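>>> Pasting the sequence and the predicted coordinates here, then a few questions.
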Amino acid sequence: MKTWPLEGISLEEATQKQFKFVDTVTKYIKGRSMLGRGDLGVVPGLNKPEITSETEKVIADYFGAEEAMLVRGAGTTAIRQALYAAVKPNHTLLVHDAPIYPTTQVSIDMMNLKVERVDFNQLSKVEEAVKELKPDGILIQLTRQKPDDSYDSQELIEAIRSVHPSIPIITDDNYAVMKIPKIGCEMGASLSCFSLFKLLGPEGIGCIVGDKTYIEQLKRENYSGGLQVQGHEALDAIKGLAYAPVALALSAQTSQTVCDALNDGSIDGVKHAFIANAQSKVILVEFHEPIAKSVLKYAEDLGAAGYPIGAESKYEIVPMFYRVSHTFLQSDQTLIDRMIRINPMRAGSETILRILKEAVSQI
């Protein structure tokens, strides 16, 4: 198997992202506000807490976008709201010819969107589809939906824009933010959507970043007090975004170290290891024999996390040993018996290799 993981950033580049983000924070939020827990409620004129409004300005500025909006419901609701604002119910959505992330499929069904598919790995076919199918919007998932995906999102967006400069392009940036050089809106997409829980932030909070027209509409329509992200949640989002780049870069570095060790034959029973975005950037470990489920059972007994919480959330410290992703399984059901994914989280390579070796030895 050959995989094409997203272009990552180095530890030094991640450090610079951290510094840039903190510098942006200082331009919008007073120092004493950062030492508190923020305000609450629907402040007149803003219809949300002041610190939440300031946090949205920080995020928009950092990603070079016109506007940003914090939403309840994590990345799922961010994508759902973006589809509603930019594409509208009963319209046509162009997607990659691959399994759609389950919660995104629910959003598509809720809006009764007509889905058209094209292989995003072939730019000429994408350009042809945009011309002939005339979709009302396009959804691009930055991370991989199937093992052999290789498309470059920047090139993909540029190809679409060359045919239809104004078509709404929504990107699902989950598992990519603060890991790659640019997110969707920085590449030319209309709206970027992601979960802040996956960036060491608060539970259930998502973010939409991009074109002002769409986001201002969403802010007007999401006026209820119960929909507003409170000040303490916005501050927690800032803290998570500040720590995420370096933490995620360390995890990526560890992944490569583990992958290299496994491919050098450090553990008997391992056929091959790959780095892949499935959906988060992980190590895919393939075994010679169908022992994947047994390895997962023993690994949990040895201290590894047996399932995700938010996939890279602030609670996930020990390495996660888990089955391959649902979308990967849709492309090949046999992977469930012969392959696992490992996310280092905050662990080092020695810990991961020790747990894997002991788990395999018990079978």
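Perfect, I can see it now.
>>> In CSV, list the C-alpha atoms belonging to whichever helix or strand residue 218 is part of.
Counting by DSSP states H and E, the element that carries residue 218 is helix 212-221. The C-alpha trace of helix 212-221 is given here as CSV (Å, rounded to 0.1, in the frame of the first residue of the first chain):
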residue,chain,number,x,y,z
LYS,A,212,-17.8,37.6,5.4
THR,A,213,-21.1,37.4,3.4
TYR,A,214,-21.8,33.8,4.5
ILE,A,215,-20.7,34.2,8.1
GLU,A,216,-22.5,37.4,8.7
GLN,A,217,-25.7,35.7,7.5
LEU,A,218,-25.1,32.8,9.9
LYS,A,219,-24.5,35.2,12.8
ARG,A,220,-27.8,37.0,12.1
GLU,A,221,-29.7,33.7,12.0
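>>> ok, residues contacting it?
The contact list for helix 212-221 (Cβ atoms under 8 Å, 6 or more residues apart in numbering) reads 47, 66-69, 81-82, 84-86, 168, 190-191, 208. Bear in mind the C-beta positions are built from the backbone N, C-alpha and C, glycine included.
>>> Okay, buried residues for that helix please.
Neighbour-count burial for helix 212-221 flags 214, 215, 218, 219 (criterion: 16 or more other Cβ atoms under 10 Å).
>>> Kindly present these as TSV, with separate columns for distance to residue 114 and pLDDT.
Shown next, in TSV, are the buried residues of helix 212-221 (distance: Cβ to Cβ, whole Å; pLDDT from 0 to 100):
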residue	distance to residue 114	pLDDT
214	20	98
215	25	98
218	22	97
219	28	97
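>>> Tell me if I'm right that residue 54 and residue 25 touch.
No - between residue 54 and residue 25 there is no contact under Cβ atoms under 8 Å: 9.1 Å.
>>> Tell me the gap between the helix or strand hosting residue 78 and the middle of its chain.
Using DSSP H and E, residue 78 sits within helix 74-86. Mean-position distance between helix 74-86 and its chain equals 14 Å (Cα atoms, centre = their mean, to the nearest Å).
>>> Kindly confirm my reading that residue 207 is in a strand.
Yes - under DSSP: H, G, I helix; E, B strand; the rest coil, residue 207 sits within a strand.
>>> What distance do you get for it to residue 177?
9 Å (Cβ to Cβ, to the nearest Å).
>>> What of residue 80?
In this view, residue 80 and residue 177 are 18 Å apart by Cβ to Cβ.
>>> Please apply the same query to residue 337.
From residue 337 across to residue 177, the span is 33 Å (Cβ to Cβ).
>>> If you count surrounding residues, which of the two has more?
residue 177 (25 against 14; other Cβ atoms under 10 Å).
>>> so that one makes contact with residue 194?
Yes - counting by Cβ under 8 Å, residue 177 touches residue 194, with 4.9 Å between them.
>>> where do the contact lists of those two overlap?
Residues touching both residue 177 and residue 194 by Cβ under 8 Å, 6+ apart: residue 183.
>>> Mind pulling up the pLDDT for residue 278?
We have a pLDDT of 58 for residue 278.
>>> sorry, that was for residue 363
If you check residue 363, the pLDDT there is 89.
>>> ok, now residue 116?
For residue 116, the pLDDT comes out at 98.
>>> For it, give me phi and psi.
Backbone dihedrals for residue 116, given as degrees, to the nearest 10, come out at phi -120, psi 140.
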